[in-house]
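Colleague: how would this look folded up:
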Amino acid sequence: MASSNMADLRPTSEILRSIGNDVVGRKRERELLVAALIAGRHILLEGPPGTGKSTLLRSMAGAMGMGFAFVEGNAELTPARLVGHFDPARVMVDGYQPSVFVDGPLVTALREGSLLYVEEINRIPEETLNVLITVMSEGNITVPRLGVVESAPGFRLVAAMNPFDAVGTARISSAVYDRVCRIAMTYQSSEEETAIVSRHLLAANAGEMPNEEWVGKIVEVVRRTRSHADLRFGSSIRGAIDAALVAASLSQVRGAPITKPSIGVDSALVALTGRVRVREGSVRSAEEIVVEIWGDVFGRVEGERDSGKAGAPTGATNSHS
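Modeller: Sure thing, here's the model as predicted:
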């Protein structure tokens, strides 16, 4: 079991306030995450992409003064890459000495009492997952020729997964769920997503700053992709951020106001069509669906086709309209 190291923690109210400076909303999730970590539990953050799992955890680690080791979960994450390995060249000279072992992120986190953040845990091979299960159960790992590496106080495993993307993923076994506290993270409210996009626009110093109503409509376009009948799944808040930032830049490139329909719809097409997935059997393209949603939110403009499908605003597909 992971040991708890609460003596050096800042007051909980101060930790939560510090996280709130980096993370928009998420009050309940912040409280649950901090409480579970203080209690010495391992955690699974489960939710669709773009719900702020990594942002929340990084901010929390900084606020709590905890080390942070990041691991990208994929099919190439072997036990050796996770745990570490002996340097072959040095082994030839010095033999299998502890000094020639190159720590992987798991051993580093164990020794330092840090957080080990495993992103997309449902993408890693089963043999690698079994290593993590052992560490969660025993609080240590036995490495051949190196010995037992015990977890220092403060070590926690925090994993994240997207339950909606089945490509390249495997079902997480009950053995994992039995060893973690699960925190479900859904999409945030419209107001919170609007605040996130505005924050990114300010941080980028992106030229003309659109008003909040325009930003709110960009967010609404993205939110509607998540429930559109022709889309298997829609865009995360990253799509709204990219659409807004591209629109700010495109308005400078074209010398036109950011609120001009052709600026907005072209930016939405660039930012969203690669992020959404059209349902099998649908006769419509991602471009047609995005333009339709855009028209529903921002309103149709003169020059649109009137053929039962939403057309692009006048000049939307011309590079200098």
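Colleague: contacts for the worst-scoring helix or strand of the chain on mean pLDDT?
Modeller: Least confident helix or strand, the chain: helix 12-22 with a mean of 79, by mean pLDDT, DSSP states H and E. The contact list for helix 12-22, computed with C-beta atoms under 8 Å, 6 or more residues apart in numbering, reads 9-10, 27, 30-31, 34, 38, 55-56, 58-60, 62-64. Glycine gets a C-beta too; all of them are placed from N, C-alpha and C.
Colleague: angle of the next helix-or-strand element following it against helix 12-22?
Modeller: Note on helix 12-22: by DSSP states H and E, the next helix or strand toward the C-terminus is helix 27-38. Comparing the axes of helix 27-38 and helix 12-22 via axes from the mean of the first three to the mean of the last three C-alpha atoms, to 10 degrees yields an angle of 130 degrees.
Colleague: Helix 27-38 packs against which elements?
Modeller: Packing partners of helix 27-38 (3 or more C-beta pairs under 8 Å, 6 or more residues apart in numbering; DSSP states H and E): helix 12-22, strand 43-46, helix 53-64, strand 181-184.
Colleague: Would you work out how far apart the start and end of stretch 268-278 are?
Modeller: End-to-end distance for stretch 268-278: 16 Å, by C-alpha to C-alpha, to the nearest Å.
Colleague: sorry, that was for stretch 69-77
Modeller: Its start and end residues considered, stretch 69-77 measures 15 Å (C-alpha to C-alpha).
Colleague: again, but for stretch 60-78
Modeller: Using C-alpha to C-alpha, the end-to-end distance of stretch 60-78 comes to 28 Å.
Colleague: Give me the contact list for that stretch.
Modeller: Contacts of stretch 60-78 (C-beta under 8 Å, 6+ apart): 8-10, 14-16, 18-19, 22, 30, 33-34, 37, 57-58, 82, 105-106, 108-109, 112-125, 127-128, 154, 156, 159, 168.
Colleague: cutoff 6 Å now
Modeller: For stretch 60-78, the external contacting residues (C-beta atoms under 6 Å, 6 or more residues apart in numbering) are 9, 15, 18-19, 33, 105, 108-109, 112, 114-121, 123-124, 128.
Colleague: Same check on stretch 184-193?
Modeller: Val24, Gly25, Glu29, Leu45, Glu46, Gly47, Thr51, Lys53, Val219, Ile237.
Colleague: Which stretches in the protein count as helices?
Modeller: Listed in chain order, the helices of the chain (DSSP state H) span residues 12-22, 27-38, 53-64, 79-83, 88-94, 105-112, 126-138, 174-177, 190-204, 212-225, 237-254, 261-272, 286-298.
Colleague: Pick the most deeply packed of the ones you listed.
Modeller: Counting by mean count of other C-beta atoms under 10 Å, helix 261-272 has the highest mean neighbour count of the helices of the chain, with a mean of 24.
Colleague: what's that one packed up against?
Modeller: Contact here means 3 or more C-beta pairs under 6 Å, 6 or more residues apart in numbering; DSSP states H and E; on that basis helix 261-272 packs against helix 237-254, helix 286-298.
Colleague: where in the chain is pLDDT low?
Modeller: 1-10, 164-171, 206-208, 301-321 (pLDDT under 70).
Colleague: repeat that with 80
Modeller: 1-11, 13, 17, 20-22, 64-65, 163-173, 204-210, 300-321 (pLDDT under 80).
Colleague: Val143 versus the nearest residue to Leu146 once chain neighbours are set aside, what's the distance?
Modeller: In space, Leu146 comes closest to Phe101 once its chain neighbours are excluded; the distance is 5.4 Å by C-beta to C-beta, 6 or more residues apart in numbering. Distance of Phe101 to Val143, given as C-beta to C-beta, to the nearest Å: 8 Å.
Colleague: try Ala61
Modeller: Note on Ala61: its distance to Val143, by C-beta to C-beta, is 25 Å.
Colleague: Repeat that for His42.
Modeller: 20 Å.
Colleague: what does Ala243 give?
Modeller: 47 Å.
Colleague: How about Tyr96?
Modeller: Tyr96 sits 10 Å away from Val143, going by C-beta to C-beta.
Colleague: nearest to Arg279, of the helices of the chain?
Modeller: Proximity to Arg279 (C-beta to C-beta) singles out helix 286-298 among the helices of the chain, at 10.1 Å.
Colleague: wait, isn't His42 in contact with Asp178?
Modeller: No - in this structure, His42 is not within contact of Asp178 by C-beta atoms under 6 Å, at 10.7 Å.
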